[in-house]
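A.B. asks: requesting a structural model of the entry that follows:
(2 chains)
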Amino acid sequence: MSKNNARALDIKNGCIEMSHGSGGRAMAQLIHELFTATFDNSYLAQGNDGALLPQAGGRLVMSTDGHVISPLFFAGGDIGCLSVHGTINDVAMMGAMPLYLAASFILEEGFPLIDLKRIVESMAQASADAGVPIVTGDTKVVEKGKGDGVFITTTAVGIMRHDITLSGNLAQPGDRILVSGTIGDHGMAVLSQREGLNFDAPIVSDTAALHELVAAMLDSGAKLRVLRDPTRGGLATTLNEIAKQSGVGMLLEETAIKVNPPVAAACEFLGLDPLYIANEGKLIAICAAEDTDKLLKVMQAHPRAKDATIIGSICEDPHCFVQMTTKLGGRRIVDWLAGEQLPRIC
Amino acid sequence: MKYVDEFRDGKLAKIIAANIAHEVDPAHIYRLMEFCGGHTHAISRYGISDLLPANVRMIHGPGCPICVLPIGRVDQAIRLACDHGVILCTYADTMRVPASGKLTLMRARANGADVRMIYSTQDALKIARDNPGREVVFLAIGFETTTPPTAVAIKQARVENLQNFSILCNHVLTPAAMHAILAVEDGVQLDGFVGPAHVSTIIGSKPYEVFADDYAKPVVIAGFEPLDVMQAILMLVRQINTGRAAVENEFTRAVTREGNIKAQLLVAEVFELREVFEWRGLGSVPFSALKLTPDFAAFDAELKFGSDYIAVPDHKACECAAILRGEKHPQACKIFGTVCTPENPIGSCMVSSEGACAAHYSYGRFRGVIV
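C.D. replies: This is a model prediction of the structure:
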């Protein structure tokens, strides 16, 4: 307990009040007792408006991501660890090593402190596991009804080696497309727990930080052209983005794309296509054909990509169509997601 | 996944495809209509046409519930939500069907109307229970498959005395639509039908016998999995080759001749035939849709709110009507893929993934493109 505050936060029964965002003593207490205490690192302990960080040699990569998921807690994770993994992965997909995180919270009046504590602890754990500290933050409170419990925006800064260039516009005809594992787990884990649609399915979100996997892939020496994490819109949408950016077509093999059976079953039941369902712990890699086997071996040897497969190749196509040979042996387009498939999944 | 993968097996597909290729008469063009949007979707999603000989042509039918909903019906729902302030509940795809004045239910929601997407009629009842001070209207759409769940909801609402619950009934009938297609003078030339899957689980195979007997059109009822569709095509080819016209059932794992009697009785208790109903594409078709019986009239939103149906013509350039009658292919529409896309549908066939235009756009538009 801080000596400045008469009573410690009542985590068990308390909830967020407008005063927790007003800049006064209540806010200081919340930051001190919950955020600083849980995230616990020397940068945050500086207690200033920003964190003073040591010099980093190399090019910097920066990325930011807002998290507005509903429900806040789901099988395999919660908005806390998701907000850490999501932004770390955005930096990692650039080929950079993430170093620091910033976190901004928008809290709704009345939100239980016990839930907030759970979320903050989950963030701290994810940050510690990833070795990427949360060095600065911000808290705002909105009136009841003006938010949905908690929204978290995180920003990550990373450093990139000079010999790496990854970009969505570098895919070339002949390159191979790899995916690090099963698809659709995160989106279906969230959907299966949504109010009004509860169904019991052993589906767990794949939310995970991928920077160590990326480091291993870069160390392999394979000629990587593009890395992307297929989050919103799923594998299909991300591949279409890359095809458009690079001005190429793609040819996929449906049989090479892995889907966990419970995810496949749930998708079947709800009429959804796993190709369009969000992932939070998977990546797509596009690599020169000659290095594909080498890269695949390195990926499969890493715990985050043991189910990695080669799902297709890049071809010339001025229309930038992503096409797929179906399980049945026919051909179809794998199009951009039209409209919304699942609202608020990350 | 058990009971699914077996019906999507690539090796079996090749065997059926080889049989079809072997058995077709090269001198004959086989024009087969898959009535249901579920079949249209399966054909496009699995690329079934790649496995068929060029002289076996699949023609998309009108069996997509939201595709056949005319603009005036969506307008009616929007008026209930906007003018009467009801909570309007509906299935997902319906939210995006274009209505008058560039509106959709989704845009009406953005403008402040209380429109809610639901997954089952039970969700609509729950909303009615949770909002006793508000009127809740379920926009009931669909063929015979979705009608029994609506009937269950109506009966439950009566038992619970849920006076704030009603439905805007747009339930339609498959055989009536098949009659309408065959009755069009100079309409589409057909050699046979791939008959409905889920609809037939309810109504059985018997109601199609008239098409074999009176119109000499073979009908093969098929499941919605790709191998079901391929097997049905093979069965149709065999009937056509031998000059037969019969109702055959490929979907024996779910469909009987009599259908689901319990569901039929339930529907008969709650609904009766409308004298006439306007379909998009087929126009006004007599006895082709359902309304609530006088006994359940208290749950009829049209009566409750004095909401009349006002017919509205389709967009001038939109060919949905001809596409729904099987007379035109989506690419024959001037605005297909340019003005009308899944993001900005002008016609209803571009909305649902079961719609002929959306299925072709999303899965097959690489065909016919000059690369």
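
A.B. asks: can you name every helix or strand that the host helix or strand of A:Thr292 contacts?
C.D. replies: Per DSSP states H and E, A:Thr292 falls inside helix A:292-300. Counting contacts by 3 or more C-beta pairs under 8 Å, 6 or more residues apart in numbering or on different chains; DSSP states H and E, helix A:292-300 packs against strand A:176-179, helix A:211-219, strand A:284-287, strand A:309-315. C-beta here means a position set from N, CA and C on the backbone, and glycine is covered the same way.

A.B. asks: the next helix-or-strand element following the longest one packs against which elements?
C.D. replies: From helix A:211-219 onward toward the C-terminus, using DSSP H and E, the following helix or strand is strand A:224-228. Under the contact criterion of 3+ C-beta pairs under 8 Å, 6+ apart, the helices and strands touching strand A:224-228 comprise helix A:211-219, helix A:234-246, strand A:284-287.

A.B. asks: and the longest one, anywhere near chain B?
C.D. replies: No. Against chain B, helix A:234-246 shows no contacts by C-beta under 8 Å from any C-beta of the partner chain, the least distance being 10.2 Å.

A.B. asks: which bits of the stretch 251-371 of chain B sit near chain A?
C.D. replies: Checking the stretch 251-371 of chain B against chain A by C-beta under 8 Å from any C-beta, the hits are B:341-343, B:358, B:361-366, B:369, B:371.

A.B. asks: just the buried residues out of those, in ChimeraX syntax.
C.D. replies: To isolate in ChimeraX the members of those that are buried, counting by 16 or more other C-beta atoms under 10 Å in any protein chain shown, one can use:
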select /B:341,342,358,361,362,363,364,365,366
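
A.B. asks: now the residues of the stretch 251-371 of chain B next to chain A in CSV, with secondary structure and pLDDT?
C.D. replies: CSV is the format used below for those (DSSP: H, G, I helix; E, B strand; the rest coil; pLDDT from 0 to 100):
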residue, secondary structure, pLDDT
B:Thr341, coil, 92
B:Pro342, coil, 89
B:Glu343, coil, 87
B:Ala358, helix, 91
B:Tyr361, helix, 92
B:Ser362, helix, 90
B:Tyr363, helix, 91
B:Gly364, helix, 89
B:Arg365, coil, 86
B:Phe366, coil, 83
B:Val369, coil, 56
B:Val371, coil, 37
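
A.B. asks: looks like A:Ala51 contacts A:Leu44 (just checking).
C.D. replies: Yes. Here A:Ala51 lies in contact with A:Leu44, judged by C-beta atoms under 8 Å, at a distance of 7.0 Å.

A.B. asks: find the residues that touch each one of these two.
C.D. replies: Taking C-beta atoms under 8 Å, 6 or more residues apart in numbering or on different chains as the criterion, A:Ala51 and A:Leu44 both touch A:135-136.

A.B. asks: where does pLDDT dip in the chain?
C.D. replies: Unless you meant another one, I'm taking chain A. Chain A contains residues with pLDDT under 70 at A:1-6, A:195-199, A:339-346.

A.B. asks: meant chain B, my bad for not saying
C.D. replies: B:368-371.

A.B. asks: go through it and flag its longest helix.
C.D. replies: Ranked by number of residues, the top helix in chain B under DSSP state H is helix B:226-241.

A.B. asks: other SSEs contacting that one?
C.D. replies: helix B:10-23, strand B:30-36, helix B:37-45, strand B:56-63, strand B:192-195, strand B:219-221.

A.B. asks: got the ones you listed as a markdown table, with mean neighbour count and distance to chain A columns?
C.D. replies: Putting those into a markdown table (neighbours: other C-beta atoms under 10 Å in any protein chain shown; distance: least, C-beta to the nearest C-beta, whole Å) gives the following:
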| stretch | mean neighbour count | distance to chain A |
| --- | --- | --- |
| helix B:10-23 | 16 | 5 |
| strand B:30-36 | 25 | 14 |
| helix B:37-45 | 26 | 6 |
| strand B:56-63 | 25 | 12 |
| strand B:192-195 | 28 | 16 |
| strand B:219-221 | 29 | 19 |
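
A.B. asks: now render those as TSV, adding distance to B:Cys89.
C.D. replies: Shown next, in TSV, are the helices and strands packed on helix B:226-241 (distance: least, C-beta to C-beta, whole Å):
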stretch	distance to B:Cys89
helix B:10-23	39
strand B:30-36	24
helix B:37-45	22
strand B:56-63	23
strand B:192-195	31
strand B:219-221	31
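
A.B. asks: so A:Leu34 sits against A:Lys117, correct?
C.D. replies: Yes. If you go by C-beta under 8 Å, A:Leu34 and A:Lys117 touch, sitting 6.3 Å apart.

A.B. asks: shared neighbours of those two, anything?
C.D. replies: A:Ile11.

A.B. asks: of the helices and strands packed on helix A:292-300, which approaches chain B most closely?
C.D. replies: strand A:309-315 (10.1 Å; C-beta to the nearest C-beta).

A.B. asks: now that closest one: buried residues?
C.D. replies: Result for strand A:309-315 [16+ other C-beta under 10 Å]: buried residues A:309-314.

A.B. asks: what pairs with it, and is each one parallel or antiparallel?
C.D. replies: Strands that pair with strand A:309-315, judged by DSSP bridges, come out as strand A:176-179 (antiparallel), strand A:249-253 (antiparallel).
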